[in-house]
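S.K.: Model the following, please.
(chains A and B)
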Amino acid sequence: EAGVTQSPTHLIKTRGQQATLRCSPISGHTSVYWYQQALGLGLQFLLWYDEGEERNRGNFPPRFSGRQFPNYSSELNVNALELEDSALYLCASSLEGGMSYEQYFGPGTRLTVT
Amino acid sequence: QKEVEQDPGPLSVPEGAIVSLNCTYSNSAFQYFMWYRQYSRKGPELLMYTYSSGNKEDGRFTAQVDKSSKYISLFIRDSQPSDSATYLCAMSNRDDKIIFGKGTRLHILP
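M.R.: The predicted structure follows:
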C-alpha cells in the first residue's frame, strides 16, 4: 500500500512569491492535515481538511490556505512568502472522520524562502 | 507555560541500554497520548498511542501516562542503533488539533 506522498520534495522561492505544495493521502483516507515543522519550533498544526471541507486551522495567518479535491488529495498555498516561512511542510492523512490521533505522515516538502 | 514540554536532547546511550523519554503537559483535557518517531529527512511515524492513563506495551516499547502528574513516558528496552531518531510526543482531546512536543533527539551508540 502506497503511503502519503508529497510534491515537490524541495521548493525554493523568494520573499513575496507564492508557493503551492501538494499531498496525496493513503488510498481510502478522507482526512488530510498540514503541519509546519520549523527549526526550533517543532511541529505546528496548520490545517485539517475532511471530505473537501476545511474543518480546523491552527494559529497561522490567512495567507496560508489550501483545499481538498474530490479525490481527497490536497494543496497548500502560501501567499506573500516571508523568510520565516522556511520550514518542512508535512502532510498527514487519516481514515476516520473527526480529528484523528492516528495520522500517517508523508516525507514533507522543504520550502526555502530567500 | 507551554502546553507540551519535551527535552530536546540530544540523548546518547549505549546499545542495549533502556531509554526513557518524557513529556509534561499542562492541559488536563488531553485524552489521547501518542509517540512518533522521526528519522532524518523523513516524516514522523506513529509508534504508539494510549487513551487516558495507564501503560501500553508493544515489543521493546512501553508507553506510560500519568494524568495526575500530567507526565508521559516512552521506554525503549534493548536499544538498537536503528532506534536513533527524534522522538515526538503528541497529545489531543479528540475533537481538537494534536499538540506536539518539540522532540528529543536520541543517539544509540554501537
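S.K.: Return the list of helices and strands in contact with the helix or strand hosting A:Arg22.
M.R.: In this structure, A:Arg22 is located in strand A:19-24 according to DSSP states H and E. Counting by 3 or more Cβ pairs under 8 Å, 6 or more residues apart in numbering or on different chains; DSSP states H and E, the packing neighbours recorded for strand A:19-24 are strand A:5-7, strand A:10-13, strand A:74-78, strand A:87-94, strand A:109-113. C-betas here are computed from N, CA, C, even on glycine.
S.K.: B:Ile72: which of those strands is closest?
M.R.: Across these, the minimum distance to B:Ile72, taken as Cβ to Cβ, is reached by strand A:87-94, at 20.5 Å.
S.K.: Flag every residue of chain B that's near chain A.
M.R.: By the rule Cβ under 8 Å from any Cβ of the partner chain, the part of chain B lying against chain A is B:32, B:34, B:36, B:41-46, B:49, B:88, B:90, B:92, B:94-103.
S.K.: mind running it again at 7 Å?
M.R.: If contact is defined as Cβ under 7 Å from any Cβ of the partner chain, the residues of chain B in contact with chain A are B:32, B:34, B:42-46, B:49, B:88, B:92, B:94-98, B:100-103.
S.K.: quick one: which of these sit in strands?
M.R.: B:Tyr32, B:Met34, B:Glu45, B:Leu46, B:Tyr49, B:Leu88, B:Ser92, B:Phe100 (DSSP state E).
S.K.: Okay, now stretch A:29-47: how far is its last residue from its first?
M.R.: Counting by Cα to Cα, to the nearest Å, you get 16 Å between the two ends of stretch A:29-47.
S.K.: Settle this for me: B:Ile18 is touching B:Ser73, isn't it.
M.R.: No - taking contact to mean Cβ atoms under 7 Å, the distance of 11.4 Å between B:Ile18 and B:Ser73 leaves them out of contact.
S.K.: between these two, who's got more neighbours?
M.R.: The neighbour count for B:Ile18 versus B:Ser73, taken as other Cβ atoms under 10 Å in any protein chain shown, is higher for B:Ser73 (17 against 12).
S.K.: Now that one. Nearest residue, chain neighbours left out?
M.R.: Taking Cβ to Cβ, 6 or more residues apart in numbering or on different chains as the measure, B:Ser73 lies nearest to B:Gln64, with 4.5 Å between them; neighbours along the chain are not counted.
S.K.: Please report the number of neighbouring residues for that neighbour.
M.R.: If you count neighbours by other Cβ under 10 Å, B:Gln64 ends up with 18.
S.K.: contacting residues around it?
M.R.: Taking Cβ atoms under 7 Å, 6 or more residues apart in numbering or on different chains as the contact definition, B:Gln64 lies against B:Asn55, B:Ile72, B:Ser73.
S.K.: Pull up the residues of chain A that are close to chain B.
M.R.: A:42-43, A:45, A:56, A:58, A:90, A:98-99, A:101-103, A:105-108.
S.K.: show me what contacts the residue nearest the centre of chain A?
M.R.: When Cα atoms, centre = their mean is applied to chain A, the residue found nearest the centroid is A:Trp34 (3.1 Å). If you count contacts by Cβ under 7 Å, 6+ apart, A:Trp34 has them with A:Leu46, A:Leu47, A:Gly66, A:Leu76, A:Tyr89, A:Cys91.
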